[in-house]
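>>> With the sequence up front, the predicted model follows.
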Amino acid sequence: MPWSFQIVKIKGIPIRIHITFLLIIPFFAVIFAISPSPIGFGNIQNAYVYGVAAALGLFGCVTLHELGHSLLAMRYGIKIESITLYLFGGVSAIEIPKNPRIELPVALIGPLVSVALGIIFLIPSFFIVEQVPSLFVKLFAYINLVLGGFNLIPAFPMDGGRVLRAVLARNRSYLQATRVAVQIGKTLAVFMGLIGLFYNAFLIIIAFFIYIAASEEGRQTSVSETLSGVKVKDIMTKDVVTVSPEMKISDLIDLMFERKHMGYPVIDNGKLVGIVTFADARQVPVDRRDEIMVGNIMRRELVVAAPDEDASDIIMKISQKNIGRIPVVDGESLVGIITRNDLTNAITLLAEAREDIIRPDGTIARVIQT
């Protein structure tokens with residue numbers, strides 16, 4: 001993931017830190033240093049040192065919260081890509097199946113972990129009399145209880161929004177449940193932003209983040225539902241133009257101008273060995289384009305798709321890998337290529353052609369309009 005780096009692996013799950021995380025640590029360190037108990041250390045000696053320790057501890061608690069989601073998801077057989085710590089907290093890269101019986105417990109476990117941690121820290125706070133340890137346990141009790149409660153607000157991207165969707169999806173379609181949950185989340189974000197105008201400007205930033213994330217969740221779900229049942233083979237380009245690893249870069253660029261395509265699979269002896277794009281070719285100096293071959297600059301680490309793979313999964317691949325096209329292979333044979341444009345066109349056409357009809361049992365029947 002761009003602008004992030006791995007710091008550790010826990011149970012095989014990479015824990016990453018995004019660059020924005022490094023920006024928020026000093027902010028929280030200052031807040032903890034100058035705030036009175038239970039959210040800080042007031043003006044005691046070494047308050048800023050304790051503030052830094054508390055800020056790091058805060059994101060340790062966030063990591064445990066996200067691990068709760070990830071470890072439970074793994075028990076359902078769900079693959080976890082990573083956990084990344086961002087400016088506003090942690091994000092687990094989990095692709096939850098559209099099944100409320102799975103989404104509900106996986107979404108709920110994170111806040112429950114935070115509340116449990118809050119109680120664990122709260123109990124000794126009644127017995128510890130030393131000033132600094134007492135302030136620390138009170139602070140972490142407060143942090144975790146607030147983290148657990150805040151995440152239960154029914155607004156995407158917080159856990160409460162996913163809990164709400166899972167509950168709604170029990171008696172209506174997944175798409176309908178998402179739309180209702182997204183609308184509630186956006187309404188709450190607007191309300192939070194209005195409160196922030198009068199009380200705390202930081203709430204406005206959080207509200208903006210929630211509103212954008214809720215909108216993105218709705219968009220992604222609509223796209224996923226639009227492509228439901230569509231396979232890669234249904235929308236891929238079958239007449240694929242390929243190039244040889246021995247082709248000169250100058251000839252490759254001429255081909256790009258002629259064909260108006262910006263990327264090509266590279267075939268050697270009938271086997272897919274790489275992919276080359278205009279971005280790769282333009283790195284070669286003009287005066288060396290007659291000497292350097294495609295094989296010298298092509299990308300050998302390939303992201304590929306299968307013909308029977310769901311088209312909605314390809315959107316995730318293209319987004320996560322930040323690539324423009326994916327070769328489609330059947331066994332070792334190249335049978336097609338699917339691009340961002342293929343997906344965009346399919347979504348546009350299907351959204352126009354399909355009409356959602358809600359059955360009495362809450363499922364969706366799609367009818368192609370003619």
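Cool, got the structure.

>>> For the rest of this, base every contact and every neighbour count on C-alpha atoms.
Noted.

>>> Which positions in stretch 244-253 come out as buried?
Across stretch 244-253, burial judged by 16 or more other Cα atoms under 10 Å covers S244, P245, M247, K248, I249, S250, L252, I253.

>>> Report the separation between the two terminal residues of it.
End-to-end span of stretch 244-253 (Cα to Cα, to the nearest Å): 13 Å.

>>> what's next to that stretch, contact-wise?
243, 266-268, 278, 281, 284, 289-296, 298 (Cα atoms under 8 Å, 6 or more residues apart in numbering).

>>> Quick check: the farthest pair among those?
D268 and V284 (21.6 Å; Cα to Cα).

>>> Helices of the stretch 51-200 of the chain, start to end?
100-125, 131-151, 159-168, 174-198 (DSSP state H, counting those that start in this stretch).

>>> can I get the CA coordinates of stretch 287-294 in CSV?
Listed next in CSV are the C-alpha coordinates belonging to stretch 287-294 (Å, rounded to 0.1, in the frame of the first residue of the first chain):
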residue,chain,number,x,y,z
ASP,A,287,18.4,7.8,-27.9
ARG,A,288,18.4,4.3,-26.4
ARG,A,289,15.0,3.1,-27.6
ASP,A,290,16.5,1.3,-30.6
GLU,A,291,18.9,-0.7,-28.4
ILE,A,292,16.7,-1.7,-25.3
MET,A,293,14.2,-4.4,-25.7
VAL,A,294,10.8,-5.0,-24.1
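
>>> what's the offset of it from the middle of its chain?
Averaged C-alpha coordinates place stretch 287-294 at 39 Å from its chain's average position (Cα atoms, centre = their mean, to the nearest Å).

>>> Highest average neighbour count across the helices of the stretch 51-200 of the chain: which stretch is it?
helix 159-168 (a mean of 23; mean count of other Cα atoms under 10 Å).

>>> mean confidence score for it?
In this model, helix 159-168 has a mean pLDDT of 91.

>>> so what does it touch, helix or strand wise?
Where contact means 3 or more Cα pairs under 8 Å, 6 or more residues apart in numbering; DSSP states H and E, helix 159-168 is packed against helix 100-125, helix 174-198.

>>> tilt between that helix and helix 100-125?
Put simply, helix 159-168 runs at 140 degrees to helix 100-125, going by axes from the mean of the first three to the mean of the last three Cα atoms, to 10 degrees.

>>> so how far is helix 159-168 from its chain's centroid?
On Cα atoms, centre = their mean, the centre of helix 159-168 falls 17 Å from that of its chain.

>>> per-residue confidence for F140?
Confidence score, pLDDT, at F140: 91.

>>> so what's V91 up against?
E66, I83, T84, L85.

>>> Filter these down to the buried ones.
By 16+ other Cα under 10 Å, these give E66, I83, T84, L85 as buried.

>>> which regions of the stretch 251-370 of the chain sit below the pLDDT cut-off?
Residue ranges of the stretch 251-370 of the chain with pLDDT under 70: 320, 351-370.

>>> can you pull out the helices in it?
Under DSSP H, counting those that start in this stretch, the stretch 251-370 of the chain gives helices at 278-281, 294-297, 311-321, 340-353.

>>> Is it possible to get JSON lines of those that adds mean neighbour count?
As requested, the helices of the stretch 251-370 of the chain are exported to JSON lines (neighbours: other Cα atoms under 10 Å):
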{"stretch": "helix 278-281", "mean neighbour count": "16"}
{"stretch": "helix 294-297", "mean neighbour count": "19"}
{"stretch": "helix 311-321", "mean neighbour count": "17"}
{"stretch": "helix 340-353", "mean neighbour count": "15"}
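
>>> Among those helices, which comes closest to A116?
Among the helices of the stretch 251-370 of the chain, helix 311-321 comes nearest to A116, with 33.0 Å by Cα to Cα.

>>> ok, back up a step: the helices of the stretch 251-370 of the chain into CSV, with extra columns for distance to I205?
Output for the helices of the stretch 251-370 of the chain, formatted as CSV (distance: least, Cα to Cα, whole Å):
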stretch, distance to I205
helix 278-281, 36
helix 294-297, 43
helix 311-321, 25
helix 340-353, 31
